[in-house]
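J.: With the input below, show me the fold.
(chains A, B, C and D)
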Number of protein chains: 2
Amino acid sequence: MRAVEQQIEPRKTPKQGRAMHTVDSIIQATQKILTDEGYERASTNYISDVAGVSIGSLYQYFPSKEAIVASLVEKTVVAAAETIREELLACMGLPLEESTPRLVRVLLETRRENAFVFLRLPREMPGFRSVSRQLTTEKYLHTTIHSYYMQHRDSIRLDDLETAIFVTEHMVIGCIDAYLDNESPKIDEETLVEHLSLAVLSYLSS
Amino acid sequence: MRAVEQQIEPRKTPKQGRAMHTVDSIIQATQKILTDEGYERASTNYISDVAGVSIGSLYQYFPSKEAIVASLVEKTVVAAAETIREELLACMGLPLEESTPRLVRVLLETRRENAFVFLRLPREMPGFRSVSRQLTTEKYLHTTIHSYYMQHRDSIRLDDLETAIFVTEHMVIGCIDAYLDNESPKIDEETLVEHLSLAVLSYLSS
DNA sequence: ATTAAATGTGATAGAAAGCTCACATGCTAC
DNA sequence: GTAGCATGTGAGCTTTCTATCACATTTAAT
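T.: So this is what the prediction gives:
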């Protein structure tokens, strides 16, 4: 077991009901604080306060503050990846013109719903990368996207598939995140989805 | 004068040569630390150490740690915006097929050269947004881009110009930043520029 | 040379945060 | 009931950082 994992892995598995409840309170309190007040305010003492739990109990189940956030991030990212994967699978048979807007929309919704993980935490939390690095979700999704694109190999006129995946993925996510970052965006969501889909489709078939 | 500005505005203007040198040492030391060791390590004491200046002197010219970083960020962003604006102006007469790759390349180079401001700081520095918010550079650039697009109004088949600018800008930057983030990218820079240009062009003329 | 302003110094106050530890209390099994 | 483990508690230790202040030194002006 490596050093980083020791800091992030849960320290102890709860065996009684009240312990489960304690762990739950801590995670919920952390989510609430991160959403409402930001990472800065999320000190371990404050988390234990909001959770209605002593600071000692907190450290009984989580070896560090990072570990709490990490478990929250993991839960969120895994759930989001699953949602996207499902939509991806549901789109397998459809032509690109239909599936692309659907996928863009799901991406947008997923990131909006979990903005505190996808947008705020990476900005507010100093060590965010070391936390999200350990998640294999990205590669997991990547293979799904890859096989999806292979299905439409004939409608895609780009020779370099790896690059095409990279570019489409990040141009969509880049725009979505920038859009969600603006608190008063003049563009409405429908227009954005249309434009992004158009951008992806015209790029892929060029 | 608002509270935030008071914290960021320089405290005192140096009037003698040695004071200028002191301020310079502080900014240079900060840049070095941010680049080599990251924001975490950039404590005011350490900055003054590296700068070869006492902590008291540091606080004579900068009211806070943020103020030092802010002045660094401003300098960098303004210089980068100027570079891009120059290329944009140089491209005014050219057709989109020629200008787009040039602009994408300049964007890539600018962000690579100043990665510590454009990529690292936003992730590592908690209050980065409040610092970069005050810069009017973005709007400044935006109007230039707008007038540039107006020149090519006939080659662009999208009706919603505002959205088109938003999408092109952020899809390029999103990809570039993601590319620069990967420390071992399998794609080479030339390929990326080609693909991004292609993506922009096919989107604009669709 | 004298004086005042500008500049430089660094010990240390003050605050905040992470985390531990000795102890208290609850639960379960025999 | 009592032994033993699981769980809960919170004062406070330790560290780290920002920022100040009383004082020292240098420069500029007369």
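J.: Could you tell me how many residues sit around the residue of chain A found nearest DNA strand D?
T.: Here chain A gets closest to DNA strand D at one residue, residue A:56, 1.9 Å apart by Cβ to the nearest atom of the strand. (Each C-beta comes from the backbone N, C-alpha and C, glycine too.) Look at residue A:56: counted by other Cβ atoms under 10 Å in any protein chain shown, it has 8 neighbours.
J.: For it, pull up the helix or strand it's in.
T.: Counting by DSSP states H and E, the element that carries residue A:56 is helix A:55-61.
J.: Ok, residue A:140 next?
T.: Going by DSSP H and E, residue A:140 is in helix A:137-151.
J.: packing partners for the helix or strand following that helix?
T.: Going down the chain from helix A:137-151, the next helix or strand is helix A:161-181, by DSSP H and E. Judged by 3 or more Cβ pairs under 8 Å, 6 or more residues apart in numbering or on different chains; DSSP states H and E, the packing partners of helix A:161-181 are helix A:96-113, helix A:137-151, helix A:189-204, helix B:161-181, helix B:189-204.
J.: Ok, which of the ones you listed comes nearest residue B:130?
T.: Taking Cβ to Cβ, helix B:161-181 is the member of the helices and strands packed on helix A:161-181 nearest to residue B:130, at 20.4 Å.
J.: Need the helices and strands packed on helix A:161-181 in JSON lines (columns: mean pLDDT).
T.: Shown next, in JSON lines, are the helices and strands packed on helix A:161-181 (pLDDT from 0 to 100):
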{"stretch": "helix A:96-113", "mean pLDDT": "96"}
{"stretch": "helix A:137-151", "mean pLDDT": "82"}
{"stretch": "helix A:189-204", "mean pLDDT": "96"}
{"stretch": "helix B:161-181", "mean pLDDT": "94"}
{"stretch": "helix B:189-204", "mean pLDDT": "96"}
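J.: and those as CSV, adding distance to residue B:122 and mean neighbour count?
T.: Compiled in CSV, the helices and strands packed on helix A:161-181 are given as follows (distance: least, Cβ to Cβ, whole Å; neighbours: other Cβ atoms under 10 Å in any protein chain shown):
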stretch, distance to residue B:122, mean neighbour count
helix A:96-113, 17, 18
helix A:137-151, 20, 14
helix A:189-204, 22, 20
helix B:161-181, 9, 20
helix B:189-204, 21, 20
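J.: Output the helix holding residue A:56 in CSV with nothing but the alpha carbons.
T.: Extracted in CSV, the C-alpha atoms of helix A:55-61 (Å, rounded to 0.1, in the frame of the first residue of the first chain):
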residue,chain,number,x,y,z
ILE,A,55,-13.7,15.6,15.8
GLY,A,56,-12.3,12.4,17.3
SER,A,57,-15.0,10.3,15.7
LEU,A,58,-14.2,11.9,12.4
TYR,A,59,-10.6,10.9,12.5
GLN,A,60,-11.6,7.4,13.5
TYR,A,61,-13.1,6.8,10.1
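J.: List the buried residues for that helix?
T.: A:57, A:58, A:59, A:60, A:61 (16 or more other Cβ atoms under 10 Å in any protein chain shown).
J.: After it, heading C-terminal, what element do we hit next?
T.: Criterion used, DSSP H and E; the element after helix A:55-61 is helix A:65-90.
J.: circling back: what sits up against the helix holding residue A:56?
T.: By Cβ atoms under 8 Å, 6 or more residues apart in numbering or on different chains, the residues outside helix A:55-61 that reach it are A:10-12, A:14, A:19, A:22-23, A:26, A:44-45, A:47-48, A:51, A:68.
J.: Go again with 10 Å.
T.: Residues from elsewhere that reach helix A:55-61 (Cβ atoms under 10 Å, 6 or more residues apart in numbering or on different chains): A:10-14, A:19-20, A:22-23, A:25-27, A:29-30, A:43-49, A:51, A:53-54, A:65, A:67-68, A:71.
J.: So which bits of chain A are right by DNA strand C?
T.: Within chain A, the residues that sit near DNA strand C (Cβ under 7 Å from any atom of the strand) are A:16-18, A:40-45, A:55-56, A:59, A:63-65.
J.: and which of these is nearest chain B?
T.: Chain B lies nearest to residue A:40 out of these, by Cβ to the nearest Cβ, at 5.9 Å.
J.: circling back: closest to residue B:114 out of the helices and strands packed on helix A:161-181?
T.: Nearest of the helices and strands packed on helix A:161-181 (Cβ to Cβ): helix B:161-181, 10.5 Å.
J.: what angle separates that closest one from helix A:161-181?
T.: 120 degrees (axes from the mean of the first three to the mean of the last three Cα atoms, to 10 degrees).
J.: hang on, the earlier thing: are any of the contacts of helix A:55-61 buried, and if so which?
T.: A:22-23, A:25-27, A:29-30, A:44, A:47-48, A:51, A:53, A:65, A:67-68, A:71.
J.: Restrict these to those that also contact DNA strand D, please.
T.: A:22, A:53.
J.: Inside helices: which ones of the buried ones among the contacts of helix A:55-61?
T.: A:22-23, A:25-27, A:29-30, A:44, A:47-48, A:51, A:65, A:67-68, A:71 (DSSP state H).
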